[in-house]
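In: What follows is a protein structure lacking sequence information:
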């Protein structure tokens, strides 16, 4: 597997692991245990995260609410008029890309699984789940990690530009490590 080959090359130094644990303890003392948003299904989170790409939370949430109001089910989104889907999510930005991408993902899931139920992912290993999600066009390491961490309770570490920058400044990852490897490195 591709991910296993990358992980074989990535071995966090025990000193970095202890440093990460120390930072975690300090953050918990300062801010307390984080409270995550209300849990969504893996499919809800997947669509929400695609809508969040290149926009802010307010616009993502507005587009998601509009999508769920206009289309009563994910099947309705999948089978809906492409133009209507695009117009419904326009608030999130890049609607001309996100609308067709979401519909294509919903169609691919249905074709592969027979339905739009992603519960099967919770019975797979984290590596298999990551690879399956990354096989969906438009799903990158960050989106896969978000779905895994927040809805499947799997070890994953979403890395956005802020996490990438801060983890470099704090010395929690090698300075020359790219974003893709940083996802796996910080997860480890």
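Out: Structure received. Computed from a predicted model, the values in this text were never measured in an experiment.
In: Apart from its neighbours in sequence, what residue is nearest residue 177?
Out: Sequence neighbours aside, residue 185 is the residue nearest to residue 177 in space, at 6.2 Å (criterion: CB to CB, 6 or more residues apart in numbering). C-beta here means a position set from N, CA and C on the backbone, and glycine is covered the same way.
In: Checking that neighbour next. Helix, strand or coil?
Out: Three-state assignment for residue 185 (DSSP: H, G, I helix; E, B strand; the rest coil): helix.
In: gap between it and residue 78?
Out: 35 Å (CB to CB, to the nearest Å).
In: got it, and residue 94?
Out: 19 Å.
In: neighbour-wise, which of these two wins?
Out: Each of residue 94 and residue 78 has its neighbours counted (other CB atoms under 10 Å); residue 78 has more, 19 against 16.
In: That one touches residue 108, doesn't it?
Out: No. Residue 78 lies out of contact with residue 108 (CB atoms under 8 Å); the separation is 9.8 Å.
In: Residue 178 is in contact with the residue nearest to residue 177, correct?
Out: No. Contact criterion CB under 8 Å: residue 185 and residue 178 do not qualify, at 10.0 Å.
In: higher neighbour count, those two?
Out: A count of neighbours by other CB under 10 Å puts residue 185 above the other of residue 185 and residue 178, at 22 against 10.
In: who are the neighbours in contact with the most centrally placed residue in the chain?
Out: Centrality entry for the chain: nearest residue to the mean C-alpha point is residue 143, 2.1 Å, by CA atoms, centre = their mean. By CB atoms under 8 Å, 6 or more residues apart in numbering, the contact list for residue 143 reads 46, 49-50, 53, 133.
In: Check whether it sits in a helix, strand or coil.
Out: helix.
In: Okay, it and residue 111: tell me how far apart.
Out: The gap separating residue 143 from residue 111 is 20 Å, by CB to CB.
In: quick check: domain ranges of this protein?
Out: Taking automatic domain parsing as the criterion, the chain consists of the domains 2-30+157-187, 42-151.
In: Show the average pLDDT along the shortest one.
Out: Same thing as domain 2-30+157-187. Averaging pLDDT along domain 2-30+157-187 gives 82.
In: now the strands for this protein?
Out: Applying DSSP state E to the chain gives no strands.
In: where along it do the helices fall?
Out: 2-9, 14-31, 42-52, 57-70, 74-79, 82-88, 95-113, 126-134, 141-151, 161-169, 179-187 (DSSP state H).
In: Buried residues, the fifth one. List them.
Out: Within helix 74-79, the residues that qualify as buried by neighbour count (16 or more other CB atoms under 10 Å) are 74, 77-78.
In: which residues are contacting it?
Out: By CB under 8 Å, 6+ apart, the surrounding residues in contact with helix 74-79 are 43, 47, 67, 71, 85, 102-103, 106-107, 110, 116.
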